[in-house]
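Asker: okay, here's the prediction I keep looking at, along with the sequence it came from:
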Amino acid sequence: MLTTSTTRVLEPTDLSGALAVLDQDPVANAFVTARVLDSGLEPPYLGGEMWGYYRRGRLVSLCYAGANLVPVCAGPAAVRAFADRALRQGRRCSSIVGPLDPTARLWSHLEPYWGPARQLRHRQPLMTTDRVPADVTPNPLVRRMRKDEMDLVLPAAVAMFTEEVGISPLDAADGGLAYQSRVAETVGTGRCFGLVEDGRVVFKAEIGAVTPHACQLQGVWTAPEARGRGLATAGLATVLRHALDEVAPVVSLYVNDFNAPALAVYRRLGFVEAGALMSVLF
C-alpha cells in the first residue's frame, strides 16, 4: 500500500473514484460533476485534465484543469500539490474558481508567478433553493429561446459576459468562436430562457451545469434600460419552475457579494446561502 501522497492525471477507469469525491458536496461541485458525467473522463470531451490527489493510495481530492482551474475537496496538502503541478505546466486557464478557502490557498501559491490577476472576486455566496416561491408569479412571456433565434440571444449573452467579466468574449484570440459555440449549445439543449421585447432580448438566464443532484443557473442578465421593472424576479421564477420540474431537485447559483440588487432578487426567490466561492480572473 502506498504511504505517500501523490498526484496524477485521472483516466476513464478512475470515474467511480472521482464521482465519490465529487458526491461529498454535490451542489458546490455541480460544475465539475457535470463535466465528469458528460465526458466520462475521456480527455477529448472533458475539455482539460482532471488531476487526482492520493493519500495512502486513496483518491481524496480533485482539481479540474481546463479553461477554469477548480479545486475540489482539497485540503492544504492537496492544494500545495495542485499548485506545484499547475506551475510546472504553466498557466492555461482563464480563471481559478472554487470553494473559497482552497481557492484562496491555491491563489496564494500561484500569485507570485501568475499574478497580478485582472480581477479578484474574494467572496461569492453560493445559494440554493428547491422550490418556486408561492408569492412570486412567474412571467409567462419568459420562454425557451429557439435555435433560429441565435441572432437575438448572442447580443444579450455578449452584453452579460462583458458586464460580468469586464472584457468582451468576442475579443478572444479566436474572435469569440468558442463562446458563440457554448451559447449555441445552451440554446440547442433548451436551457436558455429569455424575454423578447421589440425584437430584442431584455432578460435572459440559462440552466448551466446539470447533475442528478443539482443544476446551476448562470448568465442571468437584464438589459440596463429594462431594470427596475421586476423582470429578473418574475423571469427567474419561470426558469426555476422549469429547472425544478424538468432538470434537478436543487437549483444553485453563485453571485458576487457586492452585487446587492442581485442578492435581493435571489433572496426574494427563496435562495439561501449554502457556502461561498472565490474567483480569480486573468
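Answerer: Noted; the coordinates are in hand.
Asker: pretty sure V220 is in a strand, no?
Answerer: Yes. V220: assigned to a strand according to DSSP: H, G, I helix; E, B strand; the rest coil.
Asker: how near is the closest residue to it other than its chain neighbours to Y266?
Answerer: Counting by CB to CB, 6 or more residues apart in numbering, V220 lies nearest to A205, which is 4.6 Å off, once chain neighbours are set aside. Placement of C-beta: from N, CA and C, glycine included. Using CB to CB, to the nearest Å, we find A205 at a distance of 12 Å from Y266.
Asker: now the common contact residues for those two.
Answerer: Counting by CB atoms under 8 Å, 6 or more residues apart in numbering, the common neighbours of A205 and Y266 are L236.
Asker: alpha carbons only: can I get the strand or helix carrying D151 in CSV?
Answerer: Using DSSP states H and E, D151 sits in helix 150-165. Extracted as CSV, the C-alpha positions of helix 150-165 are listed here (Å, rounded to 0.1, in the frame of the first residue of the first chain):
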residue,chain,number,x,y,z
MET,A,150,-29.3,33.0,-32.0
ASP,A,151,-29.2,36.5,-33.6
LEU,A,152,-31.4,37.6,-30.6
VAL,A,153,-29.6,35.6,-27.9
LEU,A,154,-26.0,36.3,-28.8
PRO,A,155,-26.0,40.1,-28.3
ALA,A,156,-27.6,39.7,-24.9
ALA,A,157,-25.1,36.9,-24.0
VAL,A,158,-22.2,39.1,-25.1
ALA,A,159,-23.5,42.1,-23.1
MET,A,160,-23.9,39.9,-20.0
PHE,A,161,-20.4,38.4,-20.3
THR,A,162,-18.8,41.8,-20.9
GLU,A,163,-20.6,43.4,-17.9
GLU,A,164,-19.8,40.5,-15.6
VAL,A,165,-16.2,39.7,-16.6
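Asker: could you pull out the buried residues of that helix?
Answerer: 150, 152-154, 156-161, 164 (16 or more other CB atoms under 10 Å).
Asker: would TSV of these with distance to A226 be doable?
Answerer: Shown next, in TSV, are those (distance: CB to CB, whole Å):
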residue	distance to A226
M150	21
L152	14
V153	16
L154	18
A156	11
A157	16
V158	17
A159	12
M160	13
F161	18
E164	17
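Asker: R92 falls within a helix, correct?
Answerer: No. Counting by three-state DSSP, one finds R92 to be coil, located in no helix.
Asker: how about it, nearest residue that isn't a chain neighbour?
Answerer: Per CB to CB, 6+ apart, closest to R92 is A65, 7.2 Å.
Asker: thinking again about what came up before, what packs against the strand or helix carrying the residue nearest to V220?
Answerer: Using DSSP H and E, A205 falls within strand 200-210. Here strand 200-210 touches helix 30-39, helix 150-165, strand 192-197, strand 215-222, helix 231-246, going by 3 or more CB pairs under 8 Å, 6 or more residues apart in numbering; DSSP states H and E.
Asker: nearest to I96 among those would be which one?
Answerer: Nearest of the helices and strands packed on strand 200-210 to I96, taken as CB to CB: helix 30-39 at 13.0 Å.
Asker: contacts for that closest one, please.
Answerer: 15, 18-19, 22-23, 26, 45-47, 50, 62, 64, 66, 68, 70, 72, 208-211, 213-216, 252.
Asker: centre-most residue in this protein?
Answerer: Central residue of the chain (CA atoms, centre = their mean): F31, 5.4 Å from the mean position.
Asker: okay, it: pLDDT?
Answerer: Here the pLDDT value assigned to F31 is 96.
Asker: give me the low-pLDDT residue ranges for this protein?
Answerer: Counting by pLDDT under 70, the chain has low-confidence residues at 1-4.
Asker: redo that, cut-off 50
Answerer: The model of the chain has pLDDT under 50 over residues 1-2.
Asker: are any of the contacts of helix 30-39 buried, and if so which?
Answerer: Buried, going by 16+ other CB under 10 Å: 15, 18-19, 22, 26, 46, 50, 62, 64, 66, 68, 70, 72, 208-211, 213-216, 252, out of those.
Asker: correct me if wrong: S252 contacts G275.
Answerer: No. With contact defined as CB atoms under 8 Å, S252 does not count as touching G275 (9.3 Å).
Asker: who touches both of these two?
Answerer: 27-28, 126.
Asker: those, buried ones only, as a PyMOL selection?
Answerer: Command for PyMOL, covering only those of these found buried under the criterion 16+ other CB under 10 Å:
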select buried, resi 27+28+126
